[in-house]
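*Asks:* This is a predicted model, with the sequence first.
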Amino acid sequence: MARAKAVEISRRRWLLAGLALSLSRARAALRLDVTWEGDDLCVNLPQLHFLTGKPLERLHDGATVVFLTQLTLTTDNFSTAMRRAPERFAFSYDLWEETFAVTKLGPASRTIAHLSSAAAEAWCVENLAISASGLAPDRPFWLRFELRAAEPRDEAAVIGDAGINLTRLVEIFSRRPRDQQPHWSAEAGPLRLGDLKRISGRAARNL
Amino acid sequence: MKLVRLGCVLWGSLLLAGSPEQDANVNTRYTVESVELSGDKPADISTGLRSELVRMVGEKLNPSALDDLARRIRRELHVRAVSHRVLRGQTPEHVRVVFDVRGRPARFEASVPKFLYGSQSGFSGAVEGTATVGSRAWTIGLVSDGDELLERYTGVVARLEDTLASNRVRLRFQFASYREQWDSQTIDAVNRGPAAPSSALYGTRQDLEPVATFLLARPLTLSVGASFERLQPLSPATRTEMANAIISTLHYHRHLEGEDANQQDWDAAYNLRAATSLLASDFAYVRHLGEVRYVYSWGRSEISDTVNVGLLTGRAPLFERFVAGNGSLLRGWNKFELDPLGGSRLVHNSVAYRYGKVEVFYDSGALWDPGQTAVIRHSLGIGIRQNGLCVALAFPVREGHIEPVFMVGMNY
């Protein structure tokens, strides 16, 4: 009798279970913590794990994977952007040590190696900052964090110097659409500088 | 002497520089133990390319070189994609490189090398089909072009291409047969001009062009060959004329990536066509055409500048004369309004700025003949460009009225 009860799941229960699952996914949005350090706003995303899926496969194949990040500061709930801070990080995976290395690309290029995947992700986030200068302490502001893996170069381009390759075009329409490059985003706000505890200096971040 | 040495070192470092992303790869400290090819038909690659793969063994891993080799393998095998993997080697501190060849070699490919619609010039386009057998590529195509030259030429093109000496020499043998259509303004100008005989207009044109291209150093190529053109005049009373010329092109291309993800592309080409009676030519002329193009891109922005300079001396057929006011030069102007017979002197500069898909451009240039005053003309344009496809409105800058020209096409 008890066994019969266990397998009897009504259609309504299935629907409720599906709804609960979708709600739990909606709630699983990334948490974005904001700190005020010196003149900059810095972020922390404890739930963020982006070294997964295709990018991780490419890293394990010895490739360099570039991740693009952007912090956007706004005072009108993202109607207009007051300031943006884009960054690029090149990740690679040491095939013998089985650890990750990260290079922050740009004029002030910095590299760190011998990291676990979690530590590499954390180092990337720790090196993000956006200037808070010109922001009044009592003025509400919002901050958005975005991260995506850069598109690998499309080697089978349809349009090139030689024009449109019709054969390749037919091939592309014949196969399944390519997976979108994974991307992550999180938002915080409204916040006020006056409500944030200001930490002087950024020595801990400048590794 | 020190300056020369310093210059050599700087130039060498520029040539050898990889991208900052690839330099950041932690595996560059490991030595390549072996290089393998897997997938479809990997055995078909040329001996030269295979020896380049073998040369990597014993060297430190260079991810930029892997990207370049993957591209070259794909091009040589005509396959859909070639990717590469780096794996641990048998001995510590060594790695294995595996190139995965995906997709069967395309034995037949169809392409559209040119497509353009201009509200003044109408449709221009070409369709080609290429069959590859071994290292030889046989191409046959149809073309109808009312943009590039003074006349609209419509006809067939057949081409055989082959590569020798590990891709360092490329041979091309092309035959084309066109039927010509002339604009009434060109016909009037020919009939009016005392210097232009009625035989200047031809009804059909056949071209036979054998060319060999040599890879001198990786970014520098030299093409040498000949062009045998047979022109059948419109007037039946006039005899067929030959325009036989020695042709040569020196081409340089360099791509540089900076530290801050900026990219620079340098393209320079010099083209010479010299017709002489030694080749049984009825025309004797020398045509020089130089082009330098520089592209700087950063983030979503790109700025480019292209300079063209042309000089034609002697008696040349109309298809050799320079034309502006088409889809490439002085866009927006009417080429027949600028000069219905084209010019023998050309100077042109085009500056374009692109942000994302939106592009604005400014063309300026002059087209003239000896004894005439060179008049610099300008045009402005705005368009949307995506992967070589462009939709644009071009405005010739002149007093009086504004008459925009609409253009849609590819690679113009």
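*Replies:* Looks like it arrived, so ask away. Numbers count the residues shown, from 1 in each chain, chains lettered A, B, ... in the order given.

*Asks:* ok, now which ones touch the closest residue to chain A within the stretch 1-150 of chain B?
*Replies:* Minimum separation of the stretch 1-150 of chain B from chain A (C-beta to the nearest C-beta) falls at B:V86, amounting to 2.6 Å. All C-beta spots, glycine's among them, are computed from the backbone N, C-alpha and C. By C-beta atoms under 8 Å, 6 or more residues apart in numbering or on different chains, B:V86 lies in contact with A:D61, A:G62, A:A63, A:L95, B:N27, B:L61, B:P63, B:L66, B:V95, B:R96, B:V97, B:V98.

*Asks:* what's the answer for A:D40, then?
*Replies:* Contacts for A:D40 (C-beta under 8 Å, 6+ apart) come out as A:A129, A:I130, A:S131, A:A132, A:R202.

*Asks:* what about the first one, distance to chain B?
*Replies:* Okay, so that is A:A129. The gap separating A:A129 from chain B is 18 Å, by C-beta to the nearest C-beta, to the nearest Å.

*Asks:* Then the second one?
*Replies:* Here the distance between A:I130 and chain B works out to 17 Å (C-beta to the nearest C-beta).

*Asks:* tell me which residues in the strand ranked longest in chain A are buried?
*Replies:* The residue-count maximum for a strand in chain A (DSSP state E) belongs to strand A:83-94. Buried residues in strand A:83-94, counted by 16 or more other C-beta atoms under 10 Å in any protein chain shown: A:R83, A:E87, A:R88, A:F89, A:A90, A:F91, A:S92, A:Y93, A:D94.

*Asks:* show me where the stretch 101-250 of chain B has strands.
*Replies:* B:108-118, B:122-133, B:136-145, B:152-164, B:169-181, B:202-217, B:220-233, B:241-257 (DSSP state E, counting those that start in this stretch).

*Asks:* Would you point to the one among these that's packed deepest?
*Replies:* Mean neighbours per residue, mean count of other C-beta atoms under 10 Å in any protein chain shown, is largest over these for strand B:108-118, with a mean of 19.

*Asks:* near chain A, anything from it?
*Replies:* Yes - using C-beta under 8 Å from any C-beta of the partner chain, strand B:108-118 reaches chain A at B:F108, B:E109, B:A110, B:S111, B:V112, B:P113, B:K114, B:F115.

*Asks:* my read: the third one touches B:E128, true?
*Replies:* Yes - taking contacts as C-beta atoms under 8 Å, B:A110 lies within contact range of B:E128: 7.1 Å.

*Asks:* All the helices of chain A, residue numbers only.
*Replies:* Along chain A, the stretches classed as helices by DSSP state H are A:2-7, A:11-27, A:53-60, A:117-126, A:166-174.

*Asks:* so where's chain A uncertain?
*Replies:* Confidence mapping of chain A against pLDDT under 70 gives the ranges A:1-28, A:151-181, A:201-207.

*Asks:* Any idea which residue of it lies closest to chain B?
*Replies:* Closest point on chain A to chain B, by C-beta to the nearest C-beta, is A:G62, at 2.6 Å.

*Asks:* Nearest residue to that residue in space, please, no chain neighbours.
*Replies:* Spatial nearest neighbour of A:G62, excluding adjacent residues (C-beta to C-beta, 6 or more residues apart in numbering or on different chains): B:V86 at 2.6 Å.

*Asks:* Give the bridge partners for that neighbour, please.
*Replies:* Listed by DSSP bridges, the beta-bridge partners for B:V86 are B:V97.

*Asks:* Can you give me the neighbour number for A:P46?
*Replies:* Using other C-beta atoms under 10 Å in any protein chain shown, A:P46 has 11 other residues around it.

*Asks:* And it, how far from A:L30?
*Replies:* Going from A:P46 to A:L30 by C-beta to C-beta, to the nearest Å gives 9 Å.

*Asks:* Write out the residues of the stretch 51-200 of chain B neighbouring chain A.
*Replies:* So far as C-beta under 8 Å from any C-beta goes, the stretch 51-200 of chain B lies against chain A at B:61, B:63, B:67, B:70-71, B:74, B:80-88, B:92-93, B:95, B:103, B:106, B:108-115, B:126.

*Asks:* quick revisit: hmm, the longest strand of chain A touching chain B?
*Replies:* Yes - under the criterion of C-beta under 8 Å from any C-beta, chain B is reached by strand A:83-94 at A:P86, A:R88, A:A90, A:S92, A:Y93, A:D94.

*Asks:* List the contacts of B:L69.
*Replies:* Counting by C-beta under 8 Å, 6+ apart, B:L69 makes contact with B:L49, B:E52, B:L53, B:H84, B:F99.

*Asks:* from the residues you listed, which ones fall inside helices?
*Replies:* Checked against DSSP H, the contacts of B:L69 include these in helices: B:L49, B:E52, B:L53.

*Asks:* For the second one, which non-adjacent residue is closest in space?
*Replies:* By the measure of C-beta to C-beta, 6+ apart, the closest residue to B:E52 outside its immediate chain neighbours is B:L69, 6.7 Å from it.

*Asks:* What number of residues are in the vicinity of residue 95?
*Replies:* If you meant another chain, say so; for now it's chain A. 23.

*Asks:* sorry, should have said chain B
*Replies:* Neighbours of B:V95 under the rule other C-beta under 10 Å: 22.

*Asks:* doesn't B:T28 make contact with it?
*Replies:* No - counting by C-beta under 8 Å, B:V95 stays clear of B:T28, with 10.1 Å between them.

*Asks:* so what sits against both of these two?
*Replies:* Both B:V95 and B:T28 are contacted by B:L61, under the criterion C-beta under 8 Å, 6+ apart.

*Asks:* separation between the residue nearest to A:G62 and A:Q47?
*Replies:* Distance from B:V86 to A:Q47, counting by C-beta to C-beta: 31 Å.

*Asks:* So what's the gap between stretch B:49-58 and the chain middle?
*Replies:* Computed by C-alpha atoms, centre = their mean, to the nearest Å, the chain-centroid distance of stretch B:49-58 equals 30 Å.

*Asks:* Contacts for it next, please.
*Replies:* Applying C-beta under 8 Å, 6+ apart, the set of residues contacting stretch B:49-58 from outside is B:31-35, B:37, B:62, B:65, B:69, B:72-73, B:76, B:97, B:99, B:166-167.

*Asks:* how does it look with 7 Å?
*Replies:* B:31-35, B:65, B:69, B:72-73, B:76, B:97, B:166-167 (C-beta atoms under 7 Å, 6 or more residues apart in numbering or on different chains).

*Asks:* could the residues you listed go into a markdown table alongside secondary structure and pLDDT?
*Replies:* Shown next, in a markdown table, are the contacts of stretch B:49-58 (DSSP: H, G, I helix; E, B strand; the rest coil; pLDDT from 0 to 100):
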| residue | secondary structure | pLDDT |
| --- | --- | --- |
| B:T31 | strand | 94 |
| B:V32 | strand | 94 |
| B:E33 | strand | 94 |
| B:S34 | strand | 93 |
| B:V35 | strand | 92 |
| B:A65 | helix | 84 |
| B:L69 | helix | 86 |
| B:R72 | helix | 80 |
| B:I73 | helix | 83 |
| B:E76 | helix | 75 |
| B:V97 | strand | 94 |
| B:S166 | coil | 63 |
| B:N167 | coil | 69 |
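
*Asks:* Just the buried subset of those residues, written out for PyMOL, thanks.
*Replies:* Buried residues among the contacts of stretch B:49-58 (16+ other C-beta under 10 Å), as a PyMOL selection:
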select buried, chain B and resi 32+33+34+35+65+69+72+73+76+97+167
